[in-house]
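Undergrad: model this:
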Amino acid sequence: MNPQEIREKFFYAMSDAGMYDATIEWVAPHYKLMHQMMHQLVGASMRTHDDNLTIALDVGSGTGTDAIAMLKTFPNLRLIGLDLCGPMNELFKKNARENGVSDERFALIQGDLLDPDTRGMIQGVARTRFGASKFNIVTSAFTFHHFSTSEKQEAFRFSHEILSSRGLFLLGDLFNFGEEAPWLTQTIFNWEVEWIADNFEQGATAAAKAGQPELALKLRSLKEGWINHYLMDNKLDGVTTQLRLLKAAGFQQAGNPFRYWQVGLISAIK
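TA: Now for the predicted structure:
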């Protein structure tokens with residue numbers, strides 16, 4: 001993917017990265033609840049092993065929503081964040097500083113998980129920065145839905161490969177209803193797109209009434225951008241499909257502890 005394609009497809013993480021945290025709850029229903037459950041499952045996993053350090057990889061780490069919360073809660077955690085978009089890594093660093101998280105506890109990589117060179121870099125940074133050959137935890141939120149089915153399978157296999165025994169894989173993402181109830185796929189998709197449009201329109205109307213016409217214009221532009229992104233760029237698979245792919249990659253105890261509309265969470269153990 002060339003730089004122009006990245007800027008266009010991931011507008012919310014490039015030119016509009018500064019608006020991401022302020023508006024993401026208008027895009028993903030129960031965004032905070034899903035992240036809260038991911039956080040709780042990380043804590044439950046960490047109690048099952050006695051390692052002096054826990055090493056995590058966060059794929060699509062963005063502004064640090066999951067990673068910084070985990071680093072604050074778990075003092076023995078060290079983390080590598082991977083994101084395709086440089087502005088997100090800059091916001092991650094800023095948010096980490098503001099939350100008192102030392103940069104010695106994390107490393108950020110700009111790259112694509114599907115790129116073999118990036119995969120090599122992840123493993124190299126784990127060794128040189130944290131002295132680790134394996135990860136205890138791999139998390140990802142709202143990233144894998146940009147991968148095709150075969151690319152998801154590839155990413156699952158790599159995640160399984162780099163995890164230690166009993167390592168935890170967590171995927172918070174968007175899912176359709178393929179293999180489950182296909183008639184729901186378009187219905188739920190329509191509900192979510194309408195909900196996104198309404199959220200941004202309400203925000204734009206409120207901004208206009210408050211005498212902020214530039215913000216109102218920006219929110220309406222973001223509304224159109226997000227809707228187009230949902231229509232053109234997302235490559236959703238069903239929960240059932242991805243549980244099957246995870247098991248084919250070698251994972252055990254794969255389950256779906258949370259779901260609302262397209263937003264869901266999958267957990268699996270190596």
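Undergrad: please work out the average pLDDT along the helix or strand containing Phe189.
TA: Element membership of Phe189 [criterion: DSSP states H and E] is helix 182-209. The average pLDDT for helix 182-209 rounds to 97.
Undergrad: can you give the contact residues for whatever helix or strand comes next after it?
TA: Helices and strands here follow DSSP H and E; after helix 182-209, the next one along the chain is helix 213-232. Contact with helix 213-232 is made by 9, 11-12, 16, 19, 23, 27, 189, 192-193, 196-197, 200-201, 203-205, 207-208, as judged by Cβ atoms under 8 Å, 6 or more residues apart in numbering. Bear in mind the C-beta positions are built from the backbone N, C-alpha and C, glycine included.
Undergrad: in helix 213-232, what counts as buried?
TA: 215-216, 218-220, 222-223, 225-227, 229-230 (16 or more other Cβ atoms under 10 Å).
Undergrad: how about stretch 77-97?
TA: By neighbour count with 16+ other Cβ under 10 Å, stretch 77-97 contains the buried residues 77-85, 87-89, 91-93, 95-96.
Undergrad: got it, and stretch 131-148?
TA: 132, 135-147.
Undergrad: nearest to Leu174, of the residues you listed?
TA: In terms of Cβ to Cβ, no member of the buried residues of stretch 131-148 lies closer to Leu174 than His145, at 4.4 Å.
Undergrad: look up phi and psi at the closest one.
TA: The phi/psi pair for His145 (degrees, to the nearest 10) reads phi -70, psi 0.
Undergrad: that one against Asp173, yeah?
TA: Yes - with contact defined as Cβ atoms under 8 Å, His145 counts as touching Asp173 (5.1 Å).
Undergrad: as a check, name the ranges of all helices in the stretch 1-150 of the chain.
TA: Secondary structure of the stretch 1-150 of the chain (DSSP state H, counting those that start in this stretch): helices located at 3-9, 20-23, 31-46, 65-73, 86-98, 116-130, 149-162.
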